[in-house]
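K.L.:
got a predicted structure plus its sequence, pasted below:
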Amino acid sequence: MRDSLFVNGLTIDWDKVDSDSYLHEIAALREIDSIRFEKPVTFFVGENGTGKSTLLEAIAASYGINPEGGSKNFRFSTRDTHSSLYKGMTLRKGYRRPRDNFFLRAESFYNVATQVEEYRDGDRPEIYYRRYGGRSLHEQSHGESFLALMQNRFQDQGFYLLDEPEAALSPQRQLTLLICIHRLAQAGSQFLIASHSPILLGLPDITILSFDDGEIRPIEYTETESYQVTEMFLNHREYLLERLLGEEKQV
């Protein structure tokens, strides 16, 4: 399975990362020098600030994909904020080469959609828009444009990085995305996804890497905080709210 992945792992040479970088303060990242990817779909999970998106961004940059989002063909930059982690990163690639690639980030999606507008064929825009659901991404809601891009732009045998894709999607649309990811993975695509969604994390036959507790390690679905907090709230909602809101009043 690993040999058939487009990227089956990575190594980090910390001597090539800026010595004064904040990266050295991120516990989960500073303790690693290599990571292996075993399955077509790998999720990064953990609390905010544990390094999930930072690592995903560095993988994109190391692969040659615009760190703000898009594919290798996207060359725009609105603000150069990506870390120097990619400087010390070496990706271990499999024997296959992807037919497509894309880095989709919730926080910079507007800029990607704007760049799509600028890249389109001015003479035949309908042909270009066909790859994005048939109309401008700016003429759709945030969630609609997210799904339109993934359902129409993403291809079989592609390499895709997604940073919190659930941010723009309702629970129902997250289920639609889950189906889309599963179908593409079955057709030879590889995904690396940073997510807090208990819905997306429920996808079968995946690897989940936790960034919590100062280390990167594989965990099971039911061990994720996303699952545990959601399960606790749904099964003990009244008790939990009474405790939480009661404590708020005392403060």
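P.N.:
Yep, that arrived. Numbering: from 1, shown residues only.

K.L.:
so what secondary structure elements neighbour the helix or strand hosting Ala60?
P.N.:
Element membership of Ala60 [criterion: DSSP states H and E] is helix 52-63. Packing contacts for helix 52-63, counted by 3 or more CB pairs under 8 Å, 6 or more residues apart in numbering; DSSP states H and E, involve strand 7-12, strand 41-45, strand 89-93, strand 100-105, strand 158-163, strand 190-194. The C-beta positions use only the backbone N, C-alpha and C, and glycine is treated the same way.

K.L.:
what's the spacing between Leu234 and Pro204?
P.N.:
To Pro204, Leu234 is 21 Å away according to CB to CB, to the nearest Å.

K.L.:
now what about the strand or helix carrying Leu184, what contacts it?
P.N.:
Assigned by DSSP H and E, Leu184 falls within helix 171-186. Helix 171-186 is contacted from outside by 40-41, 143, 146-147, 150-151, 154-156, 158, 160, 165-166, 169, 191, 193, 197, 199-200, 202-204, using CB atoms under 8 Å, 6 or more residues apart in numbering.

K.L.:
can you list the domains in the protein?
P.N.:
If you go by automatic domain parsing, the domain ranges for the chain are 2-219, 222-251.

K.L.:
show me what contacts the residue nearest to Asp33 when sequence neighbours are not counted?
P.N.:
In this structure, Asp33 finds its nearest non-sequential neighbour in Ile12, 5.5 Å apart by CB to CB, 6 or more residues apart in numbering. Ile12 is in contact with 32-34, 85, 88-90, counting by CB under 8 Å, 6+ apart.

K.L.:
dump the residues you listed to a markdown table, plus pLDDT, neighbour count and distance to Gln186.
P.N.:
Formatted as a markdown table, the contacts of Ile12 follow (pLDDT from 0 to 100; neighbours: other CB atoms under 10 Å; distance: CB to CB, whole Å):
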| residue | pLDDT | neighbour count | distance to Gln186 |
| --- | --- | --- | --- |
| Ile32 | 90 | 16 | 30 |
| Asp33 | 93 | 11 | 32 |
| Ser34 | 96 | 10 | 28 |
| Leu85 | 91 | 24 | 31 |
| Gly88 | 93 | 19 | 34 |
| Met89 | 95 | 20 | 29 |
| Thr90 | 96 | 14 | 29 |
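
K.L.:
following the lowest-mean-pLDDT helix or strand in the chain, which helix or strand comes up?
P.N.:
Taking mean pLDDT, DSSP states H and E as the measure, helix 125-129 is the helix or strand of the chain with the lowest mean score, a mean of 52. Downstream of helix 125-129, the next assigned helix or strand under DSSP H and E is helix 142-152.

K.L.:
between that following helix and helix 171-186, how big is the angle?
P.N.:
Here the directions of helix 142-152 and helix 171-186 differ by 20 degrees (axes from the mean of the first three to the mean of the last three CA atoms, to 10 degrees).

K.L.:
related to what we said a few turns ago, deepest of the domains of the chain, which one?
P.N.:
Stretch with highest mean neighbour count among the domains of the chain: domain 2-219 (a mean of 18; mean count of other CB atoms under 10 Å).

K.L.:
where does pLDDT dip in the stretch 151-251 of the chain?
P.N.:
Low-confidence segments of the stretch 151-251 of the chain, defined by pLDDT under 70, span residues 247-251.

K.L.:
go again with 80.
P.N.:
151-153, 247-251 (pLDDT under 80).

K.L.:
ok, now how distant is Cys180 from Leu56?
P.N.:
Distance, Cys180 to Leu56, by CB to CB: 19 Å.
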